[in-house]
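> using only what follows, build the 3D model:
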Amino acid sequence: KLFNVWVDNLERLHLHRRNMMGGLGHLRRRQSVWLKQHWKQANKDDDSKLIFDELVRLCRHLNINMSKASLKTRFDEADEQKLGCLDFGDFQRFVKLIKKRVELEELFDSLSKSRGDVMTQQEFKTFLANVQKFNLKEEEYDNLYYKFCDKDRMEMNSEGFNSFLMS
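Here you go, the predicted model:
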């Protein structure tokens with residue numbers, strides 16, 4: 001009986017890992033798990049908020065080497081209610097702010113000419129073929145496009161494009 005419990009748990013763990021690693025389409029889920037883990041680690045007093053010093057310690061622990069002034073600027077931007085602390089939603093906003101890459105946004109804007117907020121399939125294919133020098137079959141271009149699309153809208157936004165570039 002103990003062996004069966006062990007096997008069942010091992011199979012569940014394997015399935016969970018496979019789901020988490022199952023392609024870049026699950027990137028958001030993996031990021032969410034990662035954020036929650038680090039949020040809990042940094043929120044040592046378990047008060048569901050991070051003060052600036054806790055955030056600085058977390059950034060140092062993660063080897064995010066930004067000046068305190070830069071961190072404070074982003075902390076203040078993420079703290080929309082001006083409470084001097086970040087709840088989990090604010091923390092998610094903070095992470096987006098420190099990950100923001102202006103040069104990638106400019107690249108996305110220059111490529112997505114037909115609709116500024118979305119890159120069409122054809123624009124993505126043109127980028128892959130002409131800039132990245134990919135030589136793929138039509139189906140492979142399509143699969144790559146949909147792998148990084150916003151799953152609700154089936155369109156590639158700047159976040160999906162950035163995920164593609166970072167993959």
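> tell me the mean pLDDT for the helix ranked longest in the chain?
In the chain, taking DSSP state H as the definition, the longest helix is helix 2-21. For helix 2-21, mean pLDDT rounds to 76.
> packing partners of it?
helix 27-42 (3 or more Cβ pairs under 8 Å, 6 or more residues apart in numbering; DSSP states H and E). From N, CA and C alone the C-beta is placed, and that goes for glycine too.
> partners of the helix or strand just after the helix it packs on in the sheet?
Per DSSP states H and E, helix 27-42 leads on to strand 50-51 as the next helix or strand towards the C-terminus. With DSSP bridges as the test, strand 50-51 is paired with strand 85-86 (antiparallel).
> hmm, who's touching the strand it pairs with?
The contact list for strand 85-86 (Cβ atoms under 8 Å, 6 or more residues apart in numbering) reads 49-52, 55, 75, 78-79, 93-94.
> let's see that with 7 Å instead.
Strand 85-86 is contacted from outside by 49-51, 55, 75, 78-79, 94, using Cβ atoms under 7 Å, 6 or more residues apart in numbering.
> residues near residue 148, how many?
Neighbourhood size, residue 148 [other Cβ atoms under 10 Å]: 21.
> nice, that's everything, thank you.
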